[in-house]
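Trainee: Build me a model from this:
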Amino acid sequence: MKLLVTGGAGFIGANFILYWMGKHPDDAVVNLDALTYAGNLGNLASIELDTRYQFIKGDICNPAIVEQAMAGCDVVVHFAAESHVDRSIMDPSAFVRTNVLGTQVLLDVAKKLGVKRFHHISTDEVFGSLELGSTAKFNEESAYNPHSPYSASKAGSDHVVRAYHDTYGLPITITNCSNNYGPYQFPEKLFGLAITNILESKKVPVYTPGNQVRDWLFVEDHCSAIEAVLLKGRVGETYCVGGLTQDISNMEVVKMILKLMGAGEDTIELVKDRQGHDVRYAIDWTKIHTELGWSPSVTLEEGLKKTIAWYTEHKDWWTNVKAGTYQEYYAKQYKQR
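Mentor: Have a look, this model is predicted:
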C-alpha cells in the first residue's frame with residue numbers, strides 16, 4: 001500500500017510516518033509538506049534515505065503539486081493544517097486558507113484519482129467547550145460549536161470532507177482527537193513550552209487562572225488509533241480519539257512537569273488569558289474501542305516522563321526550533337500581554 005501523508009514534517013504527521021513505516025515495512029509513504037514554521041524535516045532524519053519514503057515540498061492549496069504527490073497513492077492521511085489557537089487569533093486568514101481551501105483541493109484531487117481512502121485528522125475543539133466540573137464528554141454525536149478561528153476552520157474542513165462522501169461517494173473517514181503531546185512537538189504548545197523553558201531556567205507561562213481542563217493524548221496512542229481506523233474503520237464514519245486522563249487542569253499538569261523535572265512552583269508565571277478560551281475538553285472514545293478494539297495505552301505520567309526525556313536528550317532540536325521567528329512570536333504572545 002502507498003500512502004500520501006500531508007503535513008508529515010509536523011508534530012503528529014512525523015510521528016505517524018515513523019510509526020507507520022515501523023509497523024508496515026512493505027508500505028511506501030509520500031510526505032507532502034509546505035515546511036511552514038512548524039514543519040521540520042529533522043523530525044524524519046532517521047528515514048530520509050529509506051527507499052520507501054519520498055518527500056515533496058508543496059502547498060496543499062496548489063492542485064498541480066497535490067496531484068503530483070497523490071499520483072499512485074491508495075490512501076491519503078491528511079494532517080496538514082494551521083493548528084495553534086493563539087496564532088489563529090493573531091491571523092485567521094492563514095487558517096481558513098489552509099484548513100478549509102487546502103482540504104477542498106485535496107478532496108478534488110482524491111476524487112479525480114480515485115483514492116481508496118481519504119482520512120481526515122480533526123480536533124475535539126470543533127465541539128466547543130464543556131462546563132468545568134461536569135461529567136459530560138464529547139462523542140461522535142456532539143453538535144459543532146467552535147469558538148476560535150482555528151476550531152472554526154477545522155469544523156469547516158470536517159463538513160467539506162463529509163460533503164464529498166455524501167455527494168460524490170468519496171471513501172472518507174474522520175478522527176476528532178483530543179490534545180496531543182510527545183516528541184517533536186513544536187514548543188509553542190503547553191508541554192513543549194513548559195519543558196523547554198524549565199530546561200532553560202525560564203518562567204513557564206500559564207494562562208490565568210490555570211483551571212482550564214484538557215484531555216491529554218500521547219501522540220503514539222493517536223497514531224495507533226489512526227492505524228485502527230485505516231485498517232478496520234467503516235467508510236463514512238467519524239471516530240473520537242482521547243487519552244487516559246481524568247479531568248486535570250492545565251495548572252495541575254504544569255505542576256506535574258515541574259515535580260518530575262525537580263523545579264519549584266515559583267517557576268510558574270500567570271499571564272493574561274487568551275480570548276474566547278475554551279475551559280474544558282473531554283472525549284468519550286467508546287465507539288472506536290467497541291468497533292475497532294482501540295484504547296489508549298499511555299498514562300499521563302508515563303507520557304510526561306517519555307516527553308521530558310525526549311526533550312532533555314534532543315536539546316539541539318528544540319534550541320534550533322526556538323531560535324529566530326519563534327522569539328518574536330513568544331514576545332508578542334506572552335511578554336507583551
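Trainee: count of residues packed around residue 68?
Mentor: 14 (other CB atoms under 10 Å). (Glycine included, C-beta is placed from N, CA and C.)
Trainee: What of the one 5 residues further on?
Mentor: For residue 73, the count of nearby residues is 22 (other CB under 10 Å).
Trainee: What residues sit buried inside stretch 257-274?
Mentor: Of the residues in stretch 257-274, 257, 258, 260, 261, 263, 267, 268, 274 count as buried by neighbour count, 16 or more other CB atoms under 10 Å.
Trainee: How about stretch 206-225?
Mentor: Neighbour-count burial for stretch 206-225 [16+ other CB under 10 Å]: 206-207, 210, 212-225.
Trainee: Okay, and which of the residues you listed map to helices?
Mentor: Of these, the ones assigned to helices by DSSP state H are 219, 220, 221, 222, 223, 224, 225.
Trainee: What is the nearest of the buried residues of stretch 257-274 to residue 286?
Mentor: Nearest to residue 286 among the buried residues of stretch 257-274 is residue 257, at 29.5 Å by CB to CB.
Trainee: Now the closest one: which helix or strand?
Mentor: Using DSSP states H and E, residue 257 maps to helix 250-260.
Trainee: Check residue 112 too.
Mentor: Here residue 112 is assigned to helix 103-113, by DSSP H and E.
Trainee: How far off centre is that helix?
Mentor: 22 Å (CA atoms, centre = their mean, to the nearest Å).
Trainee: The helix or strand following it pairs with which strands, parallel or anti?
Mentor: On the C-terminal side of helix 103-113, the closest following helix or strand by DSSP H and E is strand 117-123. Sheet pairing for strand 117-123, assigned by DSSP bridges, gives strand 75-78 (parallel), strand 172-177 (parallel).
Trainee: ok, residue 227 touching residue 22?
Mentor: No: counting by CB atoms under 8 Å, residue 227 sits too far from residue 22 to count as a contact (10.9 Å).
Trainee: which of those two has more neighbours?
Mentor: residue 227 (19 against 11).
Trainee: Now do the contacts for that one.
Mentor: Counting by CB atoms under 8 Å, 6 or more residues apart in numbering, residue 227 makes contact with 19, 20, 23.
Trainee: same thing but 7 Å
Mentor: residue 23 (CB atoms under 7 Å, 6 or more residues apart in numbering).
Trainee: Would you state the predicted confidence (pLDDT) at it?
Mentor: Predicted confidence (pLDDT) for residue 227: 98.
Trainee: follow-up on the earlier one: could you give me the average pLDDT of the helix or strand that comes right after the helix holding residue 257?
Mentor: Next in sequence after helix 250-260, counting helices and strands by DSSP H and E, comes strand 268-271. Per-residue pLDDT over strand 268-271 has a mean of 96.
Trainee: Strand 268-271 packs against which elements?
Mentor: strand 204-207 (3 or more CB pairs under 7 Å, 6 or more residues apart in numbering; DSSP states H and E).
Trainee: roughly how far out does the helix or strand encompassing residue 152 sit from the chain middle?
Mentor: Here residue 152 sits within helix 149-168, counting by DSSP H and E. Taking CA atoms, centre = their mean, one finds helix 149-168 lying 17 Å from the centre of the chain it belongs to.
Trainee: And the contacts of that helix?
Mentor: Taking CB under 7 Å, 6+ apart as the rule, helix 149-168 contacts 81, 83-85, 88-89, 92, 95-96, 99-100, 103-104, 107, 111, 120, 122-123, 125-126, 144, 146, 170, 172, 174, 236.
Trainee: What's the PyMOL line that selects buried ones from those?
Mentor: In PyMOL, a selection of the buried entries from these looks like this (16+ other CB under 10 Å):
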select buried, resi 81+83+84+85+88+89+92+95+96+99+100+103+104+107+120+122+123+125+126+146+170+172+174
